[in-house]
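Undergrad: sequence and predicted structure, then a few things I'm wondering about:
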Amino acid sequence: MDEPQYTVASDSETTGEEKSSSAFAEIAIGIDIGTSQCSIAVWNGSQVELLKNTRNQKLMRSYVTFKDEIPSGGVSNQISHECEIFSGVAIFNMKRLIGRVDTDPVVHASKKLPFLVQTLDIGVRPFIAALVNNAWRSTTPEEVLAIFLVELRVMAELQLKKPIRNVVLTIPVSFSRFQLTRIERACAMAGLHILRLMPEPTAVALLYAQQQQQTVHENMGSGSEKNALIFNMGAGYCDVAVTTTAGGVSQIKALAGAAIGGEDILQNMMQYLLPNSEGLFLNHRINEIKLLGLLRVATEDAIHRLSSQSSVQVDVDLGNGFKIYKVVTREEFEQVNLEVFEKCESLVTQCLRDSKVDIEDLTDVILVGGCSYIPKIRNVVMAVCKREELYKEINPLEAAVCGAALEGAVASGITDPFGSLDLLTIQVTPLGIGIRADGNSFVPIIPRNTTIPSRKELLFTTTHDNQTQALILVYEGEGTKVEENHLLGYFKIVGIPAAPKGIPEINVCMDIDASNVLRVFAGVVMPGTDQPPFMEVRMPTIDDGHGWCVEALNRTYGSTLDLVTVQKKM
Amino acid sequence: MNATTLFIVSPLLSPLAGRRGVSIKAAVSTLAAESSRVDSGRKSPSLYEILRVKRTASLTEIKGAFRSLAKVYHPDVSGSDDGEQLDGLDFADIYNAYETLSDPAARALYDLSLGYSSSRKRPVRFPGGYSLSRRWETDQCW
């Protein structure tokens, strides 16, 4: 740790509770990398301030063009026309692609994008390329994200006149731990150190906590506790959180999320406006890309207008004899995207159920993200929460980045004389973590919505007589079968003393520390024998979303190294 | 015999091990050195003592106490990533205490276990028994 320390003179009045050395280290900035838009904010000493780029934009398009020798991103780049982004030279939607393998349905849906997404469908990372001088030049989502982050960093450094190193980044709830490692890698490539990765709705929850504290000025613990449901839906992801707030402490009760968003709505509408077009774009010819770009812009515009109008006229000449002249009503729009809205509803229902907070006890319902402007989305959430109106004191497009900037200040040890930073978020794990046991079942050890830091353990035993080794396959997710979950890593326990099946006891312990690092400890516990050392494995261990790892393990070992859970003894 | 008993209950002792804060040390001790921990017989504070509230505290008081303590002991504000403070208390202990005492059913069971142990003589079978059984009962509520 050799980073320079910045001392804020006016903050020198501190109580004994403040920690010393790192207390006034550099302040971490908040970054909200959206699928479609991106923003950056920082605590300026008295409040959160969103930084603007040279074109005076607070919200910048998330894309990187590879048109020239030096790639340039949406922070600095000046595009002549919207369609240029969709001409194949730009990579966007990287947040939907990062850390996913080529068997993932989200990757397959991305094949309709104007740049090249090629899959071999064997569980490796997809091939991604931008069109440069009539050739497909390969890149990776991590690289694209890193280029974008470098631009953001440079922009912030110029404005704040100091080097930026620490960041708080917002992430979707449904991101797997493997995806988080890809985000970390992209940040490392951009010279940024991640102080916290914050699920988007929890960043909004922190902002809400601050607002409540400022408006009420209550005594801490005086009981005016507020429950809020936060629904966030952008272009790529939908996230829900239920938080309980009092005295500046935001305690997350439950999280739920899925990879559905405005992009799905857009794809559905494009499909609706130009049916039977799937085959048209798969060859990625220049003319087809151009046609697709025009369709995309026209559809996007129609969707935006449908938020305020009950019907819109779509009139666009796509060239090549393709013309669209159609009136689309809001009812049609809602019918075409029925599945998306149903999924939103089920996420809200699930999150409320998990939180154990009664609908009647909800103080506020907060909608943020680009899709929060869609009337149907608002109606769905209000209906589930039995509400007539939504929380108004929050900017739907800036809430997440403001929360991230607050967390950045709090986690950097900054204090505020007026108590505006007297805040805390108590996070939970969005996904369950466990191992494969009892055949092909996923046995969670740390269930979802467990408050972190956390440590839990479970006992397992062998399935064969004289089984001396056991394979530990660590998964993350909610499915009851392992195939439905994300593989995080695997390792072997050796030296189990020879004994009939069901006798040796294998303890698997999982620990998530304050920095959200997951460690798995496993070993044999057997009285009176010479016990081999325990294993300690930091997860994830898989290097590159290799879906075929499991197949290879199954082929090699079958069920010879399996474990089953030990029934709890009284 | 003694050792065997310990192994069966060892998963239930994790909050005790979690007290040590640092993950590596704690997990290994959970797995390996539980017996010495229990035999050493350090009297652990009651959940009420951890939250610094009275036995008669209301739910509101318990929630308030938890939030005040979280603001001091949560790793995000306490500055050390393993979350351990000088007094050996860490956020996980505070959260565990809060989780039990904020759930009326769990709190009633816990109160019962406290009452039980104070009104009766301590079990004589082995020294760690008292702390073991108390842990065991509270853990069942979680």
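TA: Received it, and whenever you're ready, just let me know what you need.

Undergrad: what stretches of chain A score poorly on pLDDT?
TA: A:1-25, A:78-80, A:216-223, A:528-529, A:544-547, A:568-570 (pLDDT under 70).

Undergrad: can we see that at 80?
TA: Applying pLDDT under 80 to chain A flags the ranges A:1-25, A:67-70, A:74-84, A:215-223, A:276-284, A:320, A:526-532, A:543-548, A:567-570.

Undergrad: helices along the stretch 201-350 of chain A, start to end?
TA: Listed in chain order, the helices of the stretch 201-350 of chain A (DSSP state H, counting those that start in this stretch) span A:262-273, A:286-306, A:330-336, A:338-355.

Undergrad: now render those as TSV, adding distance to B:Ser102 and mean neighbour count.
TA: Any C-beta I mention is one placed from the backbone N, CA and C, and that applies to glycine too. Listed next are those as TSV, based on distance: least, CB to CB, whole Å; neighbours: other CB atoms under 10 Å in any protein chain shown:
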stretch	distance to B:Ser102	mean neighbour count
helix A:262-273	39	20
helix A:286-306	44	19
helix A:330-336	41	16
helix A:338-355	14	18
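
Undergrad: which one of these lies closest to chain B?
TA: helix A:338-355 (14.0 Å; CB to the nearest CB).

Undergrad: now render the helices of the stretch 201-350 of chain A as CSV, adding distance to chain B.
TA: Putting the helices of the stretch 201-350 of chain A into CSV (distance: least, CB to the nearest CB, whole Å) gives the following:
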stretch, distance to chain B
helix A:262-273, 32
helix A:286-306, 38
helix A:330-336, 41
helix A:338-355, 14
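
Undergrad: A:His284 and chain B, how far apart?
TA: To chain B, A:His284 is 46 Å away according to CB to the nearest CB, to the nearest Å.

Undergrad: kindly apply the preceding question to A:Ile512 instead.
TA: 9 Å.

Undergrad: now name the helix or strand holding A:Pro444.
TA: strand A:441-446 (DSSP states H and E).

Undergrad: that strand close to chain B?
TA: No. Using CB under 8 Å from any CB of the partner chain, strand A:441-446 never reaches chain B; the gap is at least 10.2 Å.

Undergrad: right, and the helix or strand after that strand?
TA: According to DSSP H and E, the helix or strand after strand A:441-446 is strand A:454-462.

Undergrad: near chain B at all, the helix or strand following that next one?
TA: Next along the chain after strand A:454-462, taking DSSP H and E as the criterion, comes strand A:470-477. No. Strand A:470-477 lies apart from chain B when judged by CB under 8 Å from any CB; the minimum separation is 14.1 Å.

Undergrad: strand partners of strand A:470-477, parallel vs antiparallel please.
TA: The pairing partners recorded for strand A:470-477 under DSSP bridges are strand A:432-437 (antiparallel), strand A:486-493 (antiparallel).

Undergrad: would you list the phi and psi of the closest residue to chain B within the stretch 401-550 of chain A?
TA: In the stretch 401-550 of chain A, no residue comes nearer to chain B than A:Ala514, which is 3.1 Å away by CB to the nearest CB. A:Ala514 adopts backbone torsions of phi -60, psi -30, taken as degrees, to the nearest 10.

Undergrad: how about the nearest residue to it, chain neighbours excluded?
TA: Spatial nearest neighbour of A:Ala514, excluding adjacent residues (CB to CB, 6 or more residues apart in numbering or on different chains): B:Pro75 at 3.1 Å.

Undergrad: kindly reformat the strands paired with strand A:470-477 as TSV containing mean neighbour count.
TA: Formatted as TSV, the strands paired with strand A:470-477 follow (neighbours: other CB atoms under 10 Å in any protein chain shown):
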stretch	mean neighbour count
strand A:432-437	24
strand A:486-493	20
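
Undergrad: A:Leu152: which of those strands is closest?
TA: Closest to A:Leu152 of the strands paired with strand A:470-477, according to CB to CB: strand A:486-493, at 27.9 Å.

Undergrad: quick one, the closest one and strand A:454-462 angle?
TA: Angle between the axes of strand A:486-493 and strand A:454-462 is 60 degrees (criterion: axes from the mean of the first three to the mean of the last three CA atoms, to 10 degrees).

Undergrad: A:Thr181: which of the helices of the stretch 201-350 of chain A is closest?
TA: Nearest of the helices of the stretch 201-350 of chain A (CB to CB): helix A:262-273, 23.4 Å.

Undergrad: low-confidence stretches in chain B?
TA: Looking along chain B with the criterion set at pLDDT under 80, you get B:1-44, B:76-89, B:115-142.

Undergrad: one more time with 50
TA: Along chain B, the parts satisfying pLDDT under 50 run over B:1-41, B:81-84, B:118-142.

Undergrad: which single residue of it ends up nearest chain A?
TA: At 1.7 Å from chain A, B:Gly64 is the closest residue in chain B, using CB to the nearest CB.

Undergrad: can you pull the buried residues of the strand or helix carrying that residue?
TA: Using DSSP H and E, B:Gly64 falls within helix B:59-73. Buried residues in helix B:59-73, defined by neighbour count with 16 or more other CB atoms under 10 Å in any protein chain shown: B:Glu61, B:Ile62, B:Lys63, B:Gly64, B:Ala65, B:Phe66, B:Arg67, B:Ser68, B:Leu69, B:Ala70, B:Lys71, B:Tyr73.
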